[in-house]
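Peer 1: Return atomic coordinates for the entry below.
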Amino acid sequence: MVPLAVTPDSFGNILLLLFHFCLATAIMILNLSVFLAIVVTRSFRKENRFIYMMSTCISDFCTGASCYYVGLFDVKDVHPKKNDTKSIVSNFLGLSYLSILAAQADRYHAIMSPIHYPRRMSPRKTILVIGSLWLYAFVVLASQNLTTSANALKIEAIGIIVCNLVTVNIMIGLNVKLYLVAKYQLEREPATPEREAKQSSLYLIIAVAASFILVWCPILLRITICNFTPLKCHVSGNLATDPLAILPRINTAVTPILYIRGCTPLREVLRSKIWRCTCICGRLHR
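Peer 2: The predicted structure follows:
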């Protein structure tokens, strides 16, 4: 049997185990709620931004389910491995990463080319893009698990370089330009409900990008420094006690909260359909 990540022999260790249990539960509940709200609302399923939200919620829900294992038990998914998950857990985090990056690029395209965007990016094409991202992630995962450890490390290193470059260009460069252009366009429009919806959508995508950068940059920088410099890096013994490994998992709970907080239609559907039905079902079972 796999041992616990920490021995529950002190108050601090018990709090750590409770933290991971609560985090995993919160991630699953929040992402499942947002996913169900989009699924039951036909108008949401026709909007590209909600399709990207669905993809993020699915990968983050899987991350939450995996947190019951990597957060509670003695698991180390980097070399040298220990009770590892064959990088499946980190792959779901990577899928969330790719989905958010694609959503950022999609919003940039929508604002910079408002006339041509609806024709170029239909919901079907958006689903195709997301499907390609999932296929790419699992092809990389398979290549890592079916090759030698040395080649797996090379594949991981190349992927990290690409992710760093894409993150800097999309998350920082595009978002700064996106914010400036969108703010200028919105200031020229009259005050209407549609303008308010566009403004809230803009603030939402900026907030998601900001939280994303804050939690992902530290671990990406550490991996880059450890792999491409002669400096020796100290890494915690397992995923449950490594602060930089915990941050991206916390973000999978923060992202749906930002979706709910920043999108009024989504919040209304959650209140009127998902959470209300859950409360009614709970009362009936009593």
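Peer 1: contacting residues for the residue nearest the centre of the chain?
Peer 2: In the chain, the centroid-proximal residue (C-alpha atoms, centre = their mean) is residue 96; its distance is 3.5 Å. The contact partners of residue 96, by C-beta atoms under 8 Å, 6 or more residues apart in numbering, come to 56, 59, 60, 63, 252, 255. Bear in mind the C-beta positions are built from the backbone N, C-alpha and C, glycine included.
Peer 1: So which of those are in strands?
Peer 2: Using DSSP state E, no member of those falls in strands.
Peer 1: Let me have those in CSV, extended by pLDDT.
Peer 2: Formatted as CSV, the entries for the contacts of residue 96 read as follows, by pLDDT from 0 to 100:
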residue, pLDDT
56, 94
59, 94
60, 94
63, 94
252, 92
255, 90
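Peer 1: can I get those in a markdown table with neighbour count?
Peer 2: Supplementary listing: the contacts of residue 96 in a markdown table, determined by neighbours: other C-beta atoms under 10 Å:
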| residue | neighbour count |
| --- | --- |
| 56 | 27 |
| 59 | 25 |
| 60 | 29 |
| 63 | 27 |
| 252 | 28 |
| 255 | 26 |
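Peer 1: circling back to that earlier point, out of everything not next to it in sequence, what's closest to the residue nearest to the centre of the chain?
Peer 2: Taking C-beta to C-beta, 6 or more residues apart in numbering, and ignoring the residues beside it in sequence, residue 96 has residue 59 as its nearest neighbour in space, at 4.4 Å.
Peer 1: Thought residue 99 was touching the one you found, still the case?
Peer 2: Yes: Residue 59 is within contact range of residue 99, at 6.5 Å (criterion: C-beta atoms under 8 Å).
Peer 1: re earlier: from the contacts of residue 96, pick the one nearest residue 106.
Peer 2: Comparing the contacts of residue 96 against residue 106 with C-beta to C-beta picks out residue 56 as the nearest, at 12.3 Å.
Peer 1: Surely that closest one touches residue 99?
Peer 2: Yes: the pair residue 56 and residue 99 passes the contact test of C-beta under 8 Å, sitting 4.6 Å apart.
Peer 1: before we move on, the earlier item: is it possible to get CSV of the contacts of residue 96 that adds distance to residue 110?
Peer 2: Rendered in CSV, the data for the contacts of residue 96 read as follows (distance: C-beta to C-beta, whole Å):
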residue, distance to residue 110
56, 17
59, 22
60, 23
63, 27
252, 25
255, 20
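Peer 1: Among those, which ones are in helices?
Peer 2: Members of these lying in helices (criterion: DSSP state H): 56, 59, 60, 63, 252, 255.
Peer 1: Surely the last one touches residue 209?
Peer 2: When you say that, I think you mean residue 255. No: contact between residue 255 and residue 209 fails when scored by C-beta under 8 Å: they sit 10.7 Å apart.
Peer 1: Residues that sit against both of those two, list them.
Peer 2: Residues touching both residue 255 and residue 209 comprise residue 100, with contact defined as C-beta under 8 Å, 6+ apart.
Peer 1: got the buried residues for stretch 230-238?
Peer 2: Residues of stretch 230-238 classed as buried under the neighbour-count rule (16 or more other C-beta atoms under 10 Å) are residue 238.
Peer 1: average pLDDT across it?
Peer 2: Confidence for stretch 230-238, expressed as mean pLDDT, is 73.
Peer 1: Distance check, the spatially closest residue to residue 207 that is not a sequence neighbour against residue 4.
Peer 2: With C-beta to C-beta, 6+ apart as the criterion, residue 207 has its nearest non-adjacent residue at 5.2 Å, and that residue is residue 258. When C-beta to C-beta, to the nearest Å is applied, the distance between residue 258 and residue 4 equals 32 Å.
Peer 1: Pick out whichever of those two has more residues nearby.
Peer 2: A count of neighbours by other C-beta atoms under 10 Å puts residue 258 above the other of residue 258 and residue 4, at 18 against 15.
Peer 1: Does the more buried one touch residue 204 like I think?
Peer 2: Yes: counting by C-beta under 8 Å, a contact exists between residue 258 and residue 204, whose distance comes to 6.5 Å.
Peer 1: What residues of stretch 172-180 count as buried?
Peer 2: Of the residues in stretch 172-180, those buried under the neighbour-count criterion (16+ other C-beta under 10 Å) are 174, 175, 178, 179.
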